[in-house]
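[1] Have a look at this prediction, sequence included:
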Amino acid sequence: MRDVEQIVGALREGRAREALTWVRALRDEGGAPAWRVNELFAACFRQLGDAEGAAAALWRAAQADTVLRSQREHYSGYLFALHYLPDISAEDLAQAARGYARFYREPLQQVSWQKKDSLQLHVGFLAPHFCDSSSARFYEAMVVGLAEMGLEVSLYALSSREDAFTGRLRDEVSRYRDLSALSLTAAAEVIRADGVDVLIDLGGHAEGGVTLMVLAHRPAPVQITAIGWIDSTGLDFVDGVLSDGVLAPEGSGEEAFFSERLVCVPQGCLCFTPTQAMREARARMETITRERLTFGCFQNFLKVNDAVLQAFAEILRQAPLARLILQDVLPLAERADAVRERCAQAGLPMDRVTVRPGRKDYLEDFEAVDVVLDTFPYPGGFMTALPCYLGLPVITIRGSHAWARFGAAVLTAMGQAGQVVEDVAAYIRQAVHYATEPQALSALRTAIRRDPEDGAYPMRTDREAYAKRLYAALHGFYHDKMKQLRQGE
């Protein structure tokens with residue numbers, strides 16, 4: 001039997017199958033606490049692309065653990081993993097999120113807040129870190145846009161990690177604080193002492209839900225989650241979730257699935273900011289009409305469930321000349337092997353399918369793709385926005401609840417609402433249409449790639465206009481919340 005450190009080392013080296021065998025032996029021989037064994041099972045299943053196995057293991061870890069903080073971390077991971085599953089409903093997700101509240105048994109700190117009379121709110125952002133990432137491509141416009149309006153903007157990082165992007169953000173805002181050396185309580189005290197009016201949490205249940213643990217101490221009168229977590233947190237000390245008319249259409253009843261209020265930003269709550277490398281990649285992309293169209297799916301392989309694979313199989317059956325590239329976001333060879341096996345079992349023609357791990361220089365890989373297929377019910381965010389920015393058509397399904405509509409919100413914000421379909425049948429039809437009508441595809445790609453000077457640039461990267469809409473939504477929500485607090489006194 002291998003010990004825990006050896007198993008962790010095998011996982012670090014990408015040897016998940018071997019690690020899984022060792023974890024089973026560890027469980028059978030009682031060589032580690034049950035929570036630790038299940039935590040290791042979850043890590044193995046994630047690396048092998050088994051979302052259902054990871055969710056079940058994290059659930060068991062949360063139940064077996066006796067340390068409150070790590071119980072919360074395991075349950076946050078469980079909530080995240082649930083969203084990968086194809087058959088889970090909005091009601092099930094909401095119920096699971098509400099179950100997280102039982103891990104906050106201590107009484108919350110009672111704070112008396114004074115309403116700010118000034119129109120200028122102090123907006124803070126709390127995140128596990130502020131390094132460049134897929135989430136950063138969306139929150140950069142928030143942070144910089146509000147700072148450019150002359151607002152007091154503060155950033156609070158729970159990690160000491162920094163990179164060049166961190167430095168650029170630091171130069172834009174009023175203050176940047178590294179809270180990594182502080183306890184959760186002390187971190188909340190720092191934010192409270194700075195006088196933040198609206199605190200925007202960019203983490204949610206990502207990275208073990210550590211940002212939520214700070215919010216539990218109520219460091220700001222108004223606390224909102226955004227970007228990193230689009231669904232309900234299940235917590236009453238999170239006041240709002242940033243949303244819009246696509247994520248939560250009027251009359252959809254979406255509010256019933258949230259313990260928070262929905263803070264809707266007119267014309268969309270998302271604004272994608274490309275990096276310089278992405279701008280250069282876009283300039284290199286060409287509109288090519290090929291005899292054999294190539295579909296691409298560049299998503300986290302945990303999102304590639306059996307329903308997605310069955311749709312891919314049907315598309316390739318109806319488009320016998322088309323090819324498909326499935327590329328992961330992580331460089332895990334064993335996970336690619338596992339997905340390749342699942343593709344074969346699902347009936348995909350493997351002579352026309354390429355399955356490969358992710359890699360660092362992935363931007364150039366889009367040059368071989370003609371049409372991008374989004375995943376469902378868990379669509380992409382960054383990996384849906386990026387190919388659209390590069391000039392590629394992306395097909396996504398408008399899901400049945402907010403999280404599942406993230407891809408639709410991204411494409412709508414980028415001027416490509418026409419690529420949003422209502423169900424799997426329409427998804428297949430749209431893909432086959434592009435595979436069999438090359439002139440229609442060529443015309444669409446030309447329209448997507450049109451230059452800003454043409455007046456029809458599909459990217460809504462007008463940071464100034466976006467920041468004004470965002471601030472108006474935050475300002476209105478803040479004053480509504482403060483009025484509610486005063487009435488409750």
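    Received it, and whenever you're ready, just let me know what you need. Numbering: from 1, shown residues only.
[2] Flag the shaky bits of the protein, pLDDT-wise.
    1, 106-112, 114-118, 287-289, 451-461, 488-489 (pLDDT under 70).
[3] Mind doing that once more with 50?
    Along the chain, the model assigns pLDDT under 50 to residues 452-460.
[4] Just give me the longest helix of it.
    helix 463-488 (DSSP state H).
[5] mind checking how far that helix is from the chain centre?
    24 Å (C-alpha atoms, centre = their mean, to the nearest Å).
[6] Next: stretch 198-214.
    13 Å.
[7] same check, this time on stretch 225-238
    So, by C-alpha atoms, centre = their mean, the centroid of stretch 225-238 is 12 Å from its chain's centroid.
[8] buried stuff in it?
    225-235, 237-238 (16 or more other C-beta atoms under 10 Å). In this view, the C-beta of every residue, glycine as well, is placed from N, C-alpha and C.
[9] Just the ones in strands from those, please.
    Thr225 (DSSP state E).
[10] want to try TSV for the buried residues of stretch 225-238, with distance to Gln276 as columns?
    Listed next are these as TSV, based on distance: C-beta to C-beta, whole Å:
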residue	distance to Gln276
Thr225	29
Ala226	25
Ile227	21
Gly228	24
Trp229	28
Ile230	27
Asp231	32
Ser232	36
Thr233	34
Gly234	39
Leu235	38
Phe237	39
Val238	35
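[11] Report the separation between Gly9 and Arg405.
    Using C-beta to C-beta, to the nearest Å, we find Gly9 at a distance of 40 Å from Arg405.
[12] who has more neighbours, those two?
    Neighbours per residue, other C-beta atoms under 10 Å: of Gly9 and Arg405, the larger number sits with Arg405, 27 against 13.
[13] Am I right that the more buried one is in contact with Asp244?
    No - look at Arg405 against Asp244 with C-beta atoms under 8 Å: they stay out of range, at 9.7 Å.
[14] in the stretch 1-150 of the chain, which spans are helices?
    Under the criterion DSSP state H, counting those that start in this stretch, helices of the stretch 1-150 of the chain are mapped to 4-12, 16-28, 34-47, 51-64, 68-82, 90-99, 136-148.
[15] swap in the stretch 301-450 of the chain?
    Going by DSSP H, counting those that start in this stretch, the stretch 301-450 of the chain shows helices at 306-318, 333-345, 382-390, 406-413, 424-436, 438-448.
[16] can you give me the end-to-end distance of stretch 4-21?
    12 Å (C-alpha to C-alpha, to the nearest Å).
[17] who's in contact with it?
    Identification of contacts with stretch 4-21 by C-beta atoms under 8 Å, 6 or more residues apart in numbering yields 2, 22-23, 26, 32, 36, 40-41, 43-45, 47-48, 331-335.
[18] If we use 6 Å, what do you get?
    Residues from elsewhere that reach stretch 4-21 (C-beta atoms under 6 Å, 6 or more residues apart in numbering): Trp22, Val23, Ala32, Leu40, Ala43, Cys44, Gln47, Leu48, Leu332, Glu334.
[19] Which one of those is nearest to Cys388?
    Of all the contacts of stretch 4-21, Leu332 has the smallest distance to Cys388: 25.8 Å, by C-beta to C-beta.
[20] so how many other residues sit close to the closest one?
    For Leu332, using other C-beta under 10 Å, the count is 21.
[21] quick one, strands of the stretch 101-250 of the chain?
    Applying DSSP state E, counting those that start in this stretch to the stretch 101-250 of the chain gives strands spanning 122-127, 152-157, 175-178, 198-201, 222-225, 240-243.
[22] which stretch among the ones you listed comes nearest Glu437?
    Here strand 240-243 is closest among the strands of the stretch 101-250 of the chain (C-beta to C-beta), at 35.5 Å.
[23] Residues contacting the closest one, please?
    By C-beta under 6 Å, 6+ apart, strand 240-243 touches Ile224, Thr225, Ala226, Glu260, Arg261, Leu262, Val263, Cys264, Cys269, Phe477.
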